[in-house]
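# Any chance you can model this:
(chains A and B)
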Amino acid sequence: MKKNILIFLIGGTSLYGVSSESKIIKLIFTSLLNKSEISVYVDELPKKEIVKEAGFSIVNICSKADIVYASKILLGCEEKPLFTDSYRSFLNEENAIGAFYWKKGRPNILFLRYRVEKFQLHMSKKLQKYQMESL
Amino acid sequence: MKKLLLTACVTSTLFAHEIDLDNLLDDFANENDLSNTTKVEKSGTMQLVVYTREDLDRLHYQSLKDILNMQRFFTYRESRFGLSDLVKSEPMRVGKAGTLVKVYIDDFELSTLQYDTASHILGNIELNFVNHVEVYQGPPSFEISTKASLMVIKLYTKNPQRDSGNKIGVLSDNYGSYSTFFHTANADDDLKYFLYMSKSDFQREVIKNGDTDLSRDEARKHLMGTFDYNENKIHLQYIEKKKDGFLTNSWDATPTKDDMEQSFLNVGYKRDFLEDKSATFKINYTKTTDTVDFMDDNILPIASQLLSLKLGTLVGVYGEQYKSEDEVLSFSFNKKIALKKHTIFAGINHTAKKLTDIQNDYITSFGNIESNNNLTKQNLYSIYVQDAYKLTQNNTLLLALKLEKENNSFYNNETLLTSRMSHTYETDNFTFMTYYTKMPVNKISYLFNNKTINKNLENEYITLSGHETKYKSENFDISYNIMDFKLYKMIYVNENGFYNSEKQYKIIFNSLRYNYIFNDKHSLMLDLWRQDINMQEESLKYYTEGLSVRFLNTFNKITFANEFVFLKTDEMSIKDQNEWQYNLGITYKYTKDLTFFVKGENIFDNRAGYQYLNYKNESEAIDSIEERYSFGMEYTF
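As a prediction, this is how the structure comes out:
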């Protein structure tokens, strides 16, 4: 309980002064992983900047990452949870636990419950609204 | 522990809005809308109005005409050919308004040799393919445009990633018009694309002039595609218009034949280089085809005079048939360099323009007489550099130079120098910007279509100097702008042909703009302006004042867009000194995917209209903005 509140406080108070995209990523990753110090592996420079702005550390080797933020599954990342910005990857990649993507002119967030549970990640109440039971 | 829980409760209440994902998604969508604005404002251009995606969705603007109608100084007029504000126009009546209005789509300039712009084709283009629009008035920074301009309009197409999925829409109005569009986009593969197609038949009010029906109806097909593959971007566009020629060049505004066809093709390629994408290479090709078949029951006096002068005998001209192909091919390479205190933008450009007359005949009392355009080829070679130097934390000095070699067929070649300087003082709330620029205007072939003119005609040039003060706070911003415009060496035509005027064409622009955001559902925009025009060559002075007001209010699923325009002028071509216009748009978002809309334009029909030369002896005027009621729906899937 105490740990959760601390994560929430750190997450909440440090959300000021950063872009909405970083805020969204911060909120999702801290909720999913239930901790504030998170290592992320990314596939491109813009995502790197978003993740850094969210206050997470970037790792250069996938095996050291808590989560992968990429458009598709990357070599050596097959055992890691993937959070993707591609709807197609979300549909096709078995590691894709969730997606943050544009469609029909608006941003969307989706999670797939059984994949989230496969990686023993935590779906907070805030995220459950965006959860799908199956594809 | 209790203290910790209490703190947690207080904090969670305080941050309830910020950490709600729905709100964050809305904020994210808005930030993406406005990101371009912020970027551009930082590079030293203040006189900018941005229509974000959210603005366009809520206002439900149907065409660029709706945007131009609300612009200070310009409003929206149509020429006697029913084309957007090109020949007879305010504030520049002698064709310069069109020439000095530059149009870009996805940063590709759309130009022609005839007018150095494609604004006459795109001034009423539909906006269903557009993500956002930027309108710059005054001299833009070189990053926006290096061309001589009074207004730059930049349309940005919908993004394949953002708009993946499909959208379909239909529209009709009280004149029996219809328009339908479909777009589809995909960004899941390496090749990302956005495809758009529309088919429209726009009917307008038929004006009676005696026994003659004057019509501006237009049938239009529009195709567009953007393709992104890694750092490569390809842009394709094709527009085809078949329209009625309205008053045409008929001397007494009673044409017996008024057929016009236009097609417009644009192919652009762009590639960014380096990790920070600071280097850009662009190729841009446009091809405009104009076909005209005009006949009249009376002679066309100016054409008759010029032909009689050329042939040494009296010639009666009763019509005109022409078909021309206007091609522009340009290559450019730009590089942006950020040093400690300097932000340097530099580049080179080569533009080749070609005008081919497939047919160019006057229908005369001696049969068809061919007329040739002299300015059929133009090559522009330019090199430019701009340095934004940060004097202190708040002060920025911008210096820019462009050197251009203009090689013309028939006419003299020129070496042209464009210069621009500005000083900006910026704090968190205030911005003060003072600027001066001198811009030569490239020769354009519609002014050079007769051999009687002398080939030593000099290029016109404009100077613009001015100041803008802006204050912005959390909920509102207010800006005052004063701009002094002078056009030198203006090219006029008289019975002996064309000549450079030694007198100036001067305009002083004043404007005050105020935006107030009540909250994300309700906003107010006010634009108050005045321009004083002095056409020394014609010993003509007049003024125009305007007030534009817009209320945008969203209540649950319904958005009301109320627009009011008031204009006052003593310009002789405007029928009444006072005219006003009220528009009301209502958008109903039934679901996130399904939208219905209705719009009334010029409700109460209080626009004064324009008095076209010799139309009912100028005792009556014709509206460019008619009283019109449209309705439609859009669906995304």
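# Only C-alpha atoms from now on, for both contacts and neighbour counts.
Will do.
# Wait, B:Thr291 touches B:Phe264, no?
No - using Cα atoms under 8 Å, B:Thr291 and B:Phe264 do not qualify as a contacting pair, with a distance of 11.9 Å.
# Settle it for me: which of the two has more neighbours?
When B:Thr291 and B:Phe264 are compared for neighbours, B:Phe264 comes out ahead with 22 against 19, by other Cα atoms under 10 Å in any protein chain shown.
# Okay, and the beta partners of the residue nearest to the more buried one when sequence neighbours are not counted?
Beyond its immediate neighbours in the sequence, the residue positioned closest to B:Phe264 (Cα to Cα, 6 or more residues apart in numbering or on different chains) is B:Thr288, lying 4.5 Å away. Beta-bridge partners recorded for B:Thr288 (DSSP bridges): B:Phe264, B:Asp326.
# Please apply the same query to the one 5 residues further on.
Legend: beta-bridge partners of B:Asp293 under DSSP bridges are B:Asp259, B:Gln321.
# And for it, the neighbour number?
Look at B:Asp293: counted by other Cα under 10 Å, it has 17 neighbours.
# B:Phe28: which element?
Using DSSP states H and E, B:Phe28 falls within helix B:21-42.
# Show me what secondary structure element comes after that helix.
For helix B:21-42, the following helix or strand on the C-terminal side (DSSP H and E) is strand B:48-51.
# That following strand pairs with which strands, parallel or anti?
strand B:130-137 (antiparallel).
# angle of the helix or strand just after the strand it pairs with against strand B:130-137?
Following strand B:130-137 in sequence order, the next helix or strand is strand B:151-157 (DSSP H and E). Taking axes from the mean of the first three to the mean of the last three Cα atoms, to 10 degrees, one finds strand B:151-157 and strand B:130-137 inclined to each other by 170 degrees.
# mind checking the SS state of B:Pro160?
Secondary structure for B:Pro160, judged by DSSP: H, G, I helix; E, B strand; the rest coil, is coil.
# which sections of the chain are below the confidence cut-off?
Assuming you mean chain A. Scanning chain A for pLDDT under 70 picks out the ranges A:1-17.
# my bad, chain B
Answering for chain B: the residues below the bar, that is pLDDT under 70, span B:1-19, B:34-46, B:85-98, B:447-454, B:495, B:575.
# would you list every one of the helices in it?
Counting by DSSP state H, the segments of chain B that form helices are B:2-14, B:21-42, B:53-59, B:64-69, B:96-99, B:119-122, B:301-311.
# Equivalent analysis for chain A, please.
Assigned by DSSP H, chain A shows helices spanning A:2-13, A:20-33, A:45-53, A:87-92, A:113-118, A:125-128.
# Distance to chain B and mean neighbour count for these - can I get that in CSV?
As requested, the helices of chain A are arranged in CSV below (distance: least, Cα to the nearest Cα, whole Å; neighbours: other Cα atoms under 10 Å in any protein chain shown):
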stretch, distance to chain B, mean neighbour count
helix A:2-13, 7, 16
helix A:20-33, 5, 22
helix A:45-53, 9, 17
helix A:87-92, 6, 19
helix A:113-118, 18, 16
helix A:125-128, 7, 14
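# now the ones you listed as CSV including distance to B:Leu594?
Listed next are these as CSV, based on distance: least, Cα to Cα, whole Å:
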stretch, distance to B:Leu594
helix A:2-13, 35
helix A:20-33, 27
helix A:45-53, 32
helix A:87-92, 22
helix A:113-118, 29
helix A:125-128, 26
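# if I look at the residue nearest to B:Phe264, how far off is chain A?
32 Å (Cα to the nearest Cα, to the nearest Å).
# List the residues that contact that residue.
The contact partners of B:Thr288, by Cα atoms under 8 Å, 6 or more residues apart in numbering or on different chains, come to B:Thr112, B:Gln262, B:Ser263, B:Phe264, B:Leu265, B:Glu325, B:Asp326, B:Glu327.
# now swap in B:Asn379 and tell me
B:Asn379 makes contact with B:His350, B:Thr351, B:Ala352, B:Lys353, B:Lys405, B:Glu406, B:Asn407, B:Asn408 under the criterion Cα under 8 Å, 6+ apart.
# can you pick the most crowded of those residues?
The member of these surrounded by the most neighbours (other Cα under 10 Å) is B:Lys353, with 24 neighbours in all.
# Now it: closest residue in space that isn't a chain neighbour?
B:Val328 (4.4 Å).
# For burial, what's the neighbour tally of that neighbour?
As a burial measure, the neighbour count of B:Val328 was computed by other Cα under 10 Å and equals 23.
# separation between it and A:Glu37?
From B:Val328 across to A:Glu37, the span is 56 Å (Cα to Cα, to the nearest Å).
# go on, B:His222?
Here B:His222 is placed at a distance of 52 Å from A:Glu37 (Cα to Cα).
# Neighbour count: those two, which is higher?
Higher neighbour count among B:His222 and A:Glu37: B:His222, with 19 against 14, using other Cα under 10 Å.
# hang on, isn't the more buried one packed against B:Met197?
Yes - with contacts defined as Cα under 8 Å, B:His222 counts as touching B:Met197 at a distance of 5.6 Å.
# follow-up on the earlier one: and the helices of chain A: which comes nearest B:Asp527?
helix A:20-33 (31.2 Å; Cα to Cα).
# how many degrees apart are that closest one and helix A:45-53 in direction?
70 degrees.
# returning to what we had before: for the residue nearest to B:Lys353, which residues are in contact?
B:Ser111, B:Thr112, B:Leu113, B:Asn284, B:Tyr285, B:Thr286, B:Lys287, B:Thr351, B:Ala352, B:Lys353, B:Lys354.
# same question, B:Gly466
By Cα under 8 Å, 6+ apart, the contact set of B:Gly466 is B:Thr434, B:Tyr435, B:Tyr436, B:Asn481, B:Ile482, B:Met483, B:Asp484.
# Taking those, tell me the two that lie furthest apart.
Using Cα to Cα, these reach their maximum pairwise distance at B:Tyr436 and B:Asn481, which is 13.6 Å.
# Enumerate the beta-bridge partners assigned to the nearest residue to B:Ile482 once chain neighbours are set aside.
Across the structure, with Cα to Cα, 6+ apart as the measure, the residue nearest B:Ile482 apart from its sequence neighbours is B:Asn510 (4.6 Å). Beta bridges link B:Asn510 to B:Ile482, B:Arg530, judged by DSSP bridges.
# And for B:Leu311, the neighbour number?
B:Leu311: 10 surrounding residues under other Cα under 10 Å.
# Correction: the previous question concerned B:Tyr178.
Here the number of neighbours of B:Tyr178 (other Cα under 10 Å) works out to 19.
# Quick check: the closest residue to it other than its chain neighbours vs chain A, distance?
Leaving out its chain neighbours, the residue that sits closest to B:Tyr178 by Cα to Cα, 6+ apart is B:Ser172, at 4.4 Å. Counting by Cα to the nearest Cα, the separation of B:Ser172 from chain A is 24 Å.
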